[in-house]
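Predicted structure and sequence below. I'll ask about it afterward.
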Amino acid sequence: MILAAAVSLIPETTQQAVGYPSLFLLVVLGSLVPVVPTGAVVSSAAVVAFHQTAPLTLLFVFLVASLAAFTGDVGLYWLGQRGMRSRNGSRWLRALYDRAPAERIAQAQGKLHDHGVAVLVASRLIPAGRIPVMLACLLGKLPLRRFIRGNAPACLAWAATYQLIGILGGSLFAEPWQGLIAVVVLTVVISGAPSVWRRVRGPQKSEA
C-alpha cells in the first residue's frame with residue numbers, strides 16, 4: 001500500500017519514461033529465461049495504465065509488450081537453433097529441455113504436424129505451452145522465417161489477453177494497488193497451475 005501510494009505521487013510522464021523500458025526488458029528477459037512471470041508483468045502494467053489519464057497509454061503497453069515478447073521468442077528460437085547445430089548443444093537448449101517433459105514435446109510435435117505454425121498462437125495462450133511447442137519446432141527444423149510468421153500473431157494475442165486481465169483488474173478496484181495485487185495473484189496462479197497439476201498427478205501414475 002505504501003509503495004503504491006508513493007508511485008501514485010510520481011508524475012505520469014516520469015512513470016511512462018521508466019515504465020515502458022522496464023516493461024520491455026522484463027518481458028524480453030522472461031521470454032529468454034522462462035522464470036520471470038511475464039503475464040503478471042503485462043497485467044500489472046495494464047492496471048497502472050488503466051488508472052492514468054494520458055491518452056493511448058494502454059495502446060503503448062500493448063505494443064511494447066507484444067514487441068518484447070516477439071523479440072524474446074525470436075531470440076530464444078535463434079539460440080535454440082544454434083544449440084541444435086552445435087555438437088555439444090548449448091545452455092539455452094538444455095534449459096528448454098529441462099522445462100518441458102518429453103510427453104509434452106511429443107504432443108506438441110503432433111499438433112505442429114497437424115496444424116502447422118498456427119499452433120504457436122495457442123501455445124502462447126496456454127500456460128506452460130510455449131516451450132514444448134518451441135522445442136517441437138526446433139526438433140522439426142522449422143526455419144526461423146516460418147517461426148517468425150507464426151510467432152508474430154501469437155505475441156499479439158498473448159499481450160492482448162494479459163492486458164485484458166489487467167484492465168479488468170483495474171476496473172474492478174478503485175485503487176491501483178488493489179488491482180495490482182489481484183492481477184499478480186491471478187496470473188501467477190494461472191502460470192503455475194500446470195506444473196502443480198503435473199506434480200500432483202505424477203505420484204498417482206506411479207502408484208497405479
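Yep, it's here. Residues are numbered from 1 along each chain as shown.

alpha carbons only for contacts and neighbour counts from here, please
Will do.

Break down this protein into its strands, ranges please.
In the chain, no strands are found when defined by DSSP state E.

Where does pLDDT dip in this protein?
When residues are selected by pLDDT under 70, those of the chain lie in 1-18, 53, 87-90, 172-208.

Nearest the middle, which residue of it would you pick?
Thr38 (4.6 Å; Cα atoms, centre = their mean).

Tell me which residues touch that one, please.
Counting by Cα atoms under 8 Å, 6 or more residues apart in numbering, Thr38 makes contact with Leu26, Val27, Gly30, Ser31.

One more: Val36?
Here Val36 is in contact with Leu26, Val27, Leu29, Gly30 (criterion: Cα under 8 Å, 6+ apart).

I'd like to know how far the residue nearest to the centre of the chain sits from Gly83.
In this view, Thr38 and Gly83 are 24 Å apart by Cα to Cα, to the nearest Å.

quick one: Ala118 and Gly150 touch, right?
Yes - contact criterion Cα atoms under 8 Å: Ala118 and Gly150 qualify, at 6.1 Å.

number of nearby residues for Leu59?
Leu59 is flanked by 14 other residues according to other Cα atoms under 10 Å.

before we move on, back to that, ok, the residue nearest to the centre of the chain to Leu29 distance?
Taking Cα to Cα, one finds Thr38 at 9 Å from Leu29.

Same check on Pro127?
Taking Cα to Cα, one finds Pro127 at 17 Å from Leu29.

How about Thr57?
Counting by Cα to Cα, the gap from Thr57 to Leu29 is 22 Å.

contacting residues for Leu120?
Leu120 sits next to Arg130, Val133, Met134, Gly150, Asn151, Ala154 when contact means Cα under 8 Å, 6+ apart.

Relative to Asn151, how far out is it?
Computed as Cα to Cα, the Leu120 to Asn151 distance reads 6 Å.

Name the residues contacting each of those two.
With Cα under 8 Å, 6+ apart, Leu120 and Asn151 have no common neighbours.
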